[in-house]
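Enquirer: Have a look; sequence and predicted model below, questions after that.
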Amino acid sequence: MLGDKIERAARKGVAFSAAGVLAAIGVAFLTTAGWMVLSELRSPLFAATIIGAIYIGAAAIALAVGMKKPTPRVYTTSHTLSDSGLTPLQTVVLSFLQGFEKGRENARPKQ
């Protein structure tokens, strides 16, 4: 059981690592292609400026996402329990007794 969990975690880690390496290689090729196109259209200085701005923008977005504080989960409870002043055990016992009484009323022959 524990071995299965470790194996799944290892596979997941290898898959994410491989995806990260392949994505980095893809970004390198796209950057090179973008450099070639932009330097042909304008100049190498223009190409460097545009590609640098794209990377700075992507870094700013990643930084903003990383700095976002997670919203805490708020667990609500039933208001009827807290309004009645009874403990949960008292509420369970009271509900049981009320159900028992209703069952006895329904079981009596009506005259």
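Expert: Cool, the structure landed. Residues are numbered from 1 along each chain as shown.
Enquirer: so what's residue 42 up against?
Expert: Residues in contact with residue 42 (Cβ atoms under 8 Å, 6 or more residues apart in numbering): none are found. C-beta here means a position set from N, CA and C on the backbone, and glycine is covered the same way.
Enquirer: Looking at this protein, which helix is longest?
Expert: Counting residues, the longest helix in the chain under DSSP state H turns out to be helix 2-41.
Enquirer: How about the helix or strand that that one is followed by, which residues are buried there?
Expert: Per DSSP states H and E, the first helix or strand lying C-terminal to helix 2-41 is helix 44-67. Neighbour counts using 16 or more other Cβ atoms under 10 Å place 47, 50-51 of helix 44-67 among the buried residues.
Enquirer: what's the following helix or strand after the lowest-mean-pLDDT helix or strand in the chain?
Expert: In the chain, no helix or strand scores lower on mean pLDDT, DSSP states H and E than helix 79-84, which sits at a mean of 57. Secondary structure here is assigned by DSSP H and E; on that basis, the next helix or strand after helix 79-84 toward the C-terminus is helix 88-107.
Enquirer: which secondary structure elements does that following helix contact?
Expert: Helix 88-107 makes packing contacts with helix 79-84 when contacts are defined by 3 or more Cβ pairs under 8 Å, 6 or more residues apart in numbering; DSSP states H and E.
Enquirer: Need the buried residues of helix 44-67 in TSV (columns: pLDDT and distance to residue 9).
Expert: Rendered in TSV, the data for the buried residues of helix 44-67 read as follows (pLDDT from 0 to 100; distance: Cβ to Cβ, whole Å):
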residue	pLDDT	distance to residue 9
47	92	42
50	93	40
51	92	37
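Enquirer: Cheers, nothing more for now.
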